[in-house]
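Colleague: heads up, no residue letters with this:
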């Protein structure tokens, strides 16, 4: 089991306890990445409609055989101007080992990606990159968002993880582009795409921060919760003694 996921790195970089506390997931408790305990009683109820919409939009973007209407119709008019079909890869799962610095990519059937990520070792971070491509030979990682609020690429550590695991390896020479494709959850959404650029030294600093968080949580086993903005959307809030302090 990996010690962290790219989709929750914003929390794990700040709070070492976040990988040990149990997490509420769709009305049930599941153990933390490095924890085993689950509290008694039901987890807080969760509205999954937003996540379900996002899943459907991702399937449509990658032209999956499981894609369906109306999401296919929402996406098709915007392909050329957003993530041009045939110029990159959708849904590329990756693993980064914080002990060795090595990268692994999963190239098997999409239905087996989650099991592959769970099989990675306790020093790894795993994630799935929505869009992996390049612009004029410069690595490019894109993320699809369907929520109401805009999220900026430079604030998205999941995109930095994507650059860290870009298959070309050229990110360490040239840096890389990161982008957010925003397709809000409404009928016939009009997309917006925001770009930013990460210099090689910026990516190196992210790797240092990631290794520091791994050492704190995994090597030293620190479990002290550190409150912050990440508490507002933490799935462990109900059982965290520092929540609300």
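Modeller: Cool, got the structure. Bear in mind the structure is a predicted one, so any value in this text is a computation, not a measurement.

Colleague: residues of the helix ranked longest in the chain that come out buried?
Modeller: In the chain, taking DSSP state H as the definition, the longest helix is helix 200-214. Of the residues in helix 200-214, 202-203, 206-207, 210, 213-214 count as buried by neighbour count, 16 or more other C-beta atoms under 10 Å. Glycine gets a C-beta too; all of them are placed from N, C-alpha and C.

Colleague: Give me the three-state assignment for the residue nearest the centre of the chain.
Modeller: Nearest to the mean C-alpha position of the chain, counting by C-alpha atoms, centre = their mean, stands residue 7 at 2.7 Å. The three-state assignment at residue 7 reads helix, by DSSP: H, G, I helix; E, B strand; the rest coil.

Colleague: Could you do residue 92 as well?
Modeller: In three-state terms, and counting by three-state DSSP, residue 92 is strand.

Colleague: Run through the strands of the protein in chain order.
Modeller: For the chain, applying DSSP state E gives strands covering 4-5, 23-25, 28-30, 89-97, 103-105, 124-135, 138-145, 176-182, 192-198.

Colleague: related to what we said a few turns ago, packing partners for the longest helix of the chain?
Modeller: helix 157-164, helix 171-174 (3 or more C-beta pairs under 8 Å, 6 or more residues apart in numbering; DSSP states H and E).

Colleague: tell me what the last one is packed against?
Modeller: This points to helix 171-174. With contacts taken as 3+ C-beta pairs under 8 Å, 6+ apart, helix 171-174 sits against strand 138-145, helix 200-214.

Colleague: List the contacts of it.
Modeller: Contact partners of helix 171-174, identified using C-beta atoms under 8 Å, 6 or more residues apart in numbering, comprise 137-139, 163-164, 198, 200, 203-204.

Colleague: what does stretch 28-41 give?
Modeller: For stretch 28-41, contacts defined as C-beta under 8 Å, 6+ apart pick out 1-5, 18-23, 42-43, 122, 217-218, 236, 238-239.

Colleague: Please check these and keep the buried ones.
Modeller: Neighbour-count burial (16+ other C-beta under 10 Å) applied to the contacts of stretch 28-41 gives 2-5, 18-23, 43, 217-218, 236, 238-239.

Colleague: which one in those is the model shakiest on?
Modeller: The lowest pLDDT within the buried ones among the contacts of stretch 28-41 belongs to residue 43, with 74.

Colleague: Show me what counts as buried in stretch 156-174.
Modeller: Result for stretch 156-174 [16+ other C-beta under 10 Å]: buried residues 156-168, 171-172, 174.

Colleague: That'll do, ta.
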